[in-house]
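In: Sequence unavailable; structure follows:
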């Protein structure tokens, strides 16, 4: 493959990388995208849609929030522990991005929220298969890939970048590895790092977040998300940021039947290993809040419990909470679903003829469980939760065998943070000075949530990726264009203009 030259190099072709490639190409820049995997899209293929404000679809439905309201909500939620200028730049860009995507050929369904009380900012992609659900956004990734190619971007699959090249203070290119294992040197006016974080790297997860993957966290592991971009940026002087996991909760078996999954996320009695309640179960629909609460318990473990009477209610009257991802209205043949799930290796669902037997199966303290159920049933009888003020409509006693339980532990969509950037997505060093020619976008640089994902504004992680990708692509193209306009004698090695080409 030899040596490559381009105005802008994009490291990884996921949501952030693809939007950066399209945005840079729209500015007239020549673009090369290096992608480790055999396909583009990355984690972006696994979602449903991005955050948006003031979009055409929202305006048609007269839905909020405005970009000013969304900014206030996010900053209040995070207690101003985050970079307000970066948040402002992201949300301002988001006010145009849904329309931008529609102009590229992406179709969306009506804006949605994730749970009652959330904002209608989630722009779910209309998938080409016609089946709405997880992976709907793969259609968006496909369209971005097609548009990038149509605009002249070269996308090199199975060609991972191994290091960034820095000459003096400036990043001037990358060294990658082709399918044959041979090095590929590429020079550019600017480089955008968008490798999607370290969700597939248990060592980094444990070192930087404190969770031990496979023991007390069971997050999604998208192959290839190993923190490569973060490591390479650090090697050329990028400042590190606080790094966290985008916490949710669930059973350990990632292939749990969706109907069974939703049955055991309804707002029924939740206890820890001590047998004690520790939350208002009404917040279970907010997977971030519930995940935080579970993570604070003994062994980061909790159990949702209900009885035969509640089971009958869910099979007849239906669920209390309907989720947008899996919009089941009720459960059908719960016992059959449990039997099937156990045959598939699910060790987190339990059925018992008594509370004592349930405690023995689950490892819950039997005395604590008995005391809690007695107290909870008393709250149900009087219609008021004296402990956590749970909505009286959700109070149903646990009295009638059989008793059902599911073990829940922290999960996560992936990692957050690693590379410090400013509101222009320029990478900063430890002195808060920008590293010329280096930009970062998406999860590698996502530090706008404080300590918890801002689920009240759903679609944020994909939205941050797409919008910071656009910002990075535009600014990287501008940086490369400025370098092209400098006199040749004043230009540093690696500041390349013109069309991307292969050199001998």
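Out: Yep, it's here. In this text, all values refer to a predicted model and were calculated from it rather than measured experimentally.
In: Give me the phi and psi for residue 324.
Out: The phi and psi torsions at residue 324 (degrees, to the nearest 10) take the values phi -70, psi -30.
In: what's the burial count for it?
Out: 17 (other C-beta atoms under 10 Å). The way it works is simple: take the backbone N, C-alpha and C, and place the C-beta from them, glycine included.
In: Got phi/psi on the closest residue to it other than its chain neighbours?
Out: Leaving out its chain neighbours, the residue that sits closest to residue 324 by C-beta to C-beta, 6 or more residues apart in numbering is residue 112, at 5.1 Å. Per-residue torsions, residue 112: phi -130, psi 170 (degrees, to the nearest 10).
In: again with residue 404
Out: With angles defined as degrees, to the nearest 10, residue 404 sits at phi -120, psi 150.
In: Strands of the stretch 351-500 of the chain, start to end?
Out: Remark: strands assigned in the stretch 351-500 of the chain by DSSP state E, counting those that start in this stretch are 403-416, 426-428, 434-440.
In: Residues in contact with the shortest one: which ones?
Out: Going back to what we said before, that points to strand 426-428. 193, 233, 238-239, 419-422, 434-435, 438-440, 445, 475 (C-beta atoms under 8 Å, 6 or more residues apart in numbering).
In: Can you give the distance of it from its chain's centre?
Out: Averaging C-alpha positions (C-alpha atoms, centre = their mean, to the nearest Å) puts strand 426-428 22 Å from its chain's average.
In: same question, the first one
Out: Here the centre of mass of C-alpha atoms in strand 403-416, compared against the chain's by C-alpha atoms, centre = their mean, lies 15 Å away.
In: For residue 120, give me the pLDDT.
Out: With respect to pLDDT, residue 120 scores 96.
In: and what of the one 4 residues further on?
Out: For residue 124, the pLDDT comes out at 96.
In: so who does it touch?
Out: By C-beta under 8 Å, 6+ apart, the residues touching residue 124 are 48-49, 108-112, 132, 136, 324.
In: hmm, try it at 6 Å
Out: Listed by C-beta atoms under 6 Å, 6 or more residues apart in numbering, the contact set of residue 124 reads 48-49, 109, 112.
In: now residue 408
Out: 249, 294, 302.
In: Export the strands of the stretch 351-500 of the chain as TSV, with columns for mean pLDDT.
Out: Listed next are these as TSV, based on pLDDT from 0 to 100:
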stretch	mean pLDDT
strand 403-416	97
strand 426-428	98
strand 434-440	98
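In: which of those strands sits most buried?
Out: Sort the strands of the stretch 351-500 of the chain by mean neighbour count, taking mean count of other C-beta atoms under 10 Å, and strand 434-440 sits at the top with a mean of 26.
In: Which neighbouring elements make contact with that one?
Out: Under the contact criterion of 3 or more C-beta pairs under 6 Å, 6 or more residues apart in numbering; DSSP states H and E, strand 434-440 touches strand 170-177, strand 183-193, strand 426-428.
In: Between those strands, which one is closest to residue 152.
Out: The closest of these to residue 152 is strand 183-193. By C-beta to C-beta, the value is 14.6 Å.
In: where's the closest one relative to the chain centroid, distance-wise?
Out: Taking C-alpha atoms, centre = their mean, one finds the center of strand 183-193 at 27 Å from the center of the full chain.
In: Give the other helices and strands that that strand contacts.
Out: If you count contacts as 3+ C-beta pairs under 6 Å, 6+ apart, strand 183-193 packs onto strand 3-11, strand 170-177, strand 434-440, helix 460-484.
In: how about the ones you listed, which one is nearest residue 372?
Out: helix 460-484 (35.1 Å).
In: Run through who's touching that closest one.
Out: In this structure, residues lying in contact with helix 460-484 by C-beta under 6 Å, 6+ apart are 7-8, 15-16, 19-20, 23-24, 27, 29, 47, 50-51, 90, 93-94, 97, 189-190, 192, 424-425, 439, 441-442, 446, 454, 495, 497.
In: likewise stretch 281-293?
Out: With contacts defined as C-beta under 6 Å, 6+ apart, stretch 281-293 is touched by 115, 247-249, 265, 267, 270, 279, 321, 390-391, 394, 410, 452-453, 455.
In: hmm, back to that, and the residue nearest to residue 324, how far from residue 246?
Out: Distance, residue 112 to residue 246, using C-beta to C-beta, to the nearest Å: 19 Å.
In: before we move on, the earlier item: CSV for the helices and strands packed on strand 183-193, including distance to residue 228?
Out: What follows is those, written out as CSV (distance: least, C-beta to C-beta, whole Å):
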stretch, distance to residue 228
strand 3-11, 8
strand 170-177, 11
strand 434-440, 12
helix 460-484, 16
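In: Go through these and name the closest to residue 374.
Out: Per C-beta to C-beta, nearest to residue 374 of those: helix 460-484, 41.3 Å.
In: and the angle from the closest one to strand 170-177?
Out: 120 degrees (axes from the mean of the first three to the mean of the last three C-alpha atoms, to 10 degrees).
In: re the thing from before, just the buried ones among the contacts of stretch 281-293, please.
Out: With neighbours counted by 16 or more other C-beta atoms under 10 Å, the contacts of stretch 281-293 contain buried members at 115, 247-249, 265, 267, 270, 279, 390, 394, 410, 452-453, 455.
In: Of all those residues, the one with the weakest confidence?
Out: Ranking the buried ones among the contacts of stretch 281-293 by pLDDT, residue 115 lands last with 89.
In: With respect to residue 207, which of the helices and strands packed on strand 183-193 lies nearest?
Out: Residue 207 lies closest, by C-beta to C-beta, to one member of the helices and strands packed on strand 183-193: strand 434-440, at 20.0 Å.
In: quick one: contacts of that closest one?
Out: The contact list for strand 434-440, computed with C-beta under 6 Å, 6+ apart, reads 170-171, 190-193, 237, 419, 421, 425-429, 472, 476.
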